[in-house]
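Enquirer: Predicted model, plus sequence, below.
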Amino acid sequence: MLGLSILRIIQVGFKGLRLHKLRSGLTMLGMIIGVWAVITLVAIGEGASHDAQEAIKALGAQNVIIRSIRPPSMNAQMQGDWESFFRRWMAIYGLKNSDAVRIKKTVPKVKRVLPVLNKRLNVVHGSREVDCQLIGTYPYYPEFTQSKIIAGQFLNEAEENSKASSCVVSLELAQRLFAGQNPLMETVEVRGYESSQVFQVKGILEERADTEKLPQLSDAMGHTIAANVYIPLSTFKSLYGVKNVDRSVGRLKLERVELSEIRVEFATVDDVIPSLPQLIEALKAGRAERDYEIIIPIKELNTLKAQKARDTRMLLYIACISLLVGGIGIMNIMLATVTERTQEIGIRRALGAKQTDITVQFLVEALILCLIGGSIGVIGGCGFAAFRHNILHTTTIITEWSVVVAFGLSVAVGLIFGLWPAIKAASLDPIEALRHT
């Protein structure tokens, strides 16, 4: 009997809503937009956060990057005339090979150390010439940077030991320099201010993200150089040494930097922060002033996660306002419905209906509006997120909790904002209700 009674209440509720289809549809629209907004905004926020986190992870969350920089005193000296200063002195600063060895030996939990040397030069093939970055490094560079060999192979230990004239080019450089041709086993000429060297291409490397190139050199406009030529570190030192001579626009610049950067890989992500004091202590040895900077991807990742949590809360607040507005609309419509159906309420009370029956009846109608609106909102929000992800190819991640929260809020709004009109309907005096016209 109870089941039949509830079924009857639901049938009456649907009948009442069907009598005013346009009004019911407009009322549900508030719920639809609110639920749709919650799911869509959270999905967009999650997608953007995922992309940013992946870009930072491309650096290696368990890695620390140490980069050579000019010390403050040298920057002050450089405010004067370059030529007169460097004719008397050579700028010697930055990381040394001994730093890499000391870090490996003295800092706990260090798994691997990757030294890197780089230099801005030009690379030529045929009639094409491209501004490039020459990078001297070890064979495990792709593993360290999570880059991908898409053709051929990377440098190996034998080439490092023999100081081979082999090279690997970045994907962007291959596209610009070879224009659709297969660069494997071709030769490229790397030109500097004083000499040029010929290397044989043995592979093409695709770097994972722009942030992976963060520690590398910039061009004259400050843009990151993505056209890279990778050679064995031993070859780099043999051919170019550690001195950098730059003669341009009537100026002379002499520098001596043993290593452009050192990348340190720890055993786990959890070892990074606790090991930083020992890492800094190892770098202080033999230095009068700081001529390096430390980049810690895990710190950026943690900051990003905290920012993502704040952004998600903000998006939820915005979307919940839509649900609140929808709830107010439901209350207004239900109050109008109570006024229109006052005589019907009086008749039902006169035939024996209890106040509880009237309350449940109007509450069910409000709940039906929210359930239907919420369901359409869930379908619309998920559909839009899927369209954006699969068709527009923009990362959009639908989370289960956002669907549950959005639909749950729509139900809660229906109960809360439908309760007052239902109570008002049930509290009407039957005799006065019957007299209402």
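Expert: Sure thing, it's come through. Numbers count the residues shown, from 1 in each chain.

Enquirer: right, and the helix or strand after the helix or strand encompassing Val272?
Expert: If you go by DSSP states H and E, Val272 is part of helix 272-284. Downstream of helix 272-284, the first helix or strand assigned by DSSP H and E is strand 292-295.

Enquirer: Now do that following strand: which elements does it pack against?
Expert: The elements that strand 292-295 packs onto, with contact taken as 3 or more CB pairs under 8 Å, 6 or more residues apart in numbering; DSSP states H and E, are strand 63-68, helix 272-284. C-betas here are computed from N, CA, C, even on glycine.

Enquirer: orientation of the longest one relative to strand 63-68 in degrees?
Expert: Put plainly, it is helix 272-284. Between helix 272-284 and strand 63-68, the angle comes out at 20 degrees (axes from the mean of the first three to the mean of the last three CA atoms, to 10 degrees).

Enquirer: show me what contacts Ser323?
Expert: Let me fix one detail, which is that residue 323 is Leu and not Ser. 30-31, 34-35, 38, 406, 409-410, 413 (CB atoms under 8 Å, 6 or more residues apart in numbering).

Enquirer: Show the contacting residues for the nearest residue to Ile296 once chain neighbours are set aside.
Expert: Spatial nearest neighbour of Ile296, chain neighbours left out: Val64 (5.6 Å); criterion: CB to CB, 6 or more residues apart in numbering. Listed by CB under 8 Å, 6+ apart, the contact set of Val64 reads 263-264, 266, 272, 276, 279, 294-297.

Enquirer: how close does Val64 get to Tyr93?
Expert: The gap separating Val64 from Tyr93 is 20 Å, by CB to CB, to the nearest Å.

Enquirer: Please, where are all the strands along this protein?
Expert: With DSSP state E as the criterion, the chain has strands at 63-68, 91-92, 110-125, 128-137, 148-152, 166-170, 187-191, 196-206, 228-232, 243-248, 251-256, 261-266, 292-295.

Enquirer: And the shortest one, how far out from the chain middle?
Expert: Average the C-alpha atoms of strand 91-92, do the same for its chain, and the two points are 38 Å apart (CA atoms, centre = their mean, to the nearest Å).

Enquirer: Give me the sheet partners of that strand and which way each runs.
Expert: Its sheet considered, strand 91-92 pairs with strand 251-256 (parallel) by DSSP bridges.

Enquirer: Then the fifth one?
Expert: Each strand paired with strand 148-152, and its direction, by DSSP bridges: strand 196-206 (antiparallel).

Enquirer: what do you get for the fourth one?
Expert: Using DSSP bridges, the strands paired with strand 128-137 are strand 110-125 (antiparallel), strand 228-232 (parallel).

Enquirer: Would you mark the buried spots in the first one?
Expert: Spelled out, it's strand 110-125. Burial within strand 110-125, assessed by neighbour count using 16 or more other CB atoms under 10 Å, is assigned to 110, 113-125.

Enquirer: and Gly241, how many neighbours does it have?
Expert: Residues within reach of Gly241, counting by other CB atoms under 10 Å, total 12.

Enquirer: so how far is Ser195 from it?
Expert: The spacing between Gly241 and Ser195, counted by CB to CB, is 11 Å.

Enquirer: and the protein, what are its domains?
Expert: The chain breaks down by automatic domain parsing into domains covering 2-54+303-435, 70-290.

Enquirer: Dump these into CSV; add mean pLDDT as well.
Expert: Below are the domains of the chain laid out as CSV (pLDDT from 0 to 100):
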stretch, mean pLDDT
domain 2-54+303-435, 76
domain 70-290, 80
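
Enquirer: Excluding chain neighbours, give the residue nearest to Ile66 in space.
Expert: Spatial nearest neighbour of Ile66, excluding adjacent residues (CB to CB, 6+ apart): Ile262 at 4.6 Å.

Enquirer: which residues sit in contact with the one you found?
Expert: Contacts for Ile262 (CB under 8 Å, 6+ apart) come out as 65-66, 95, 99-100, 103, 113-116.
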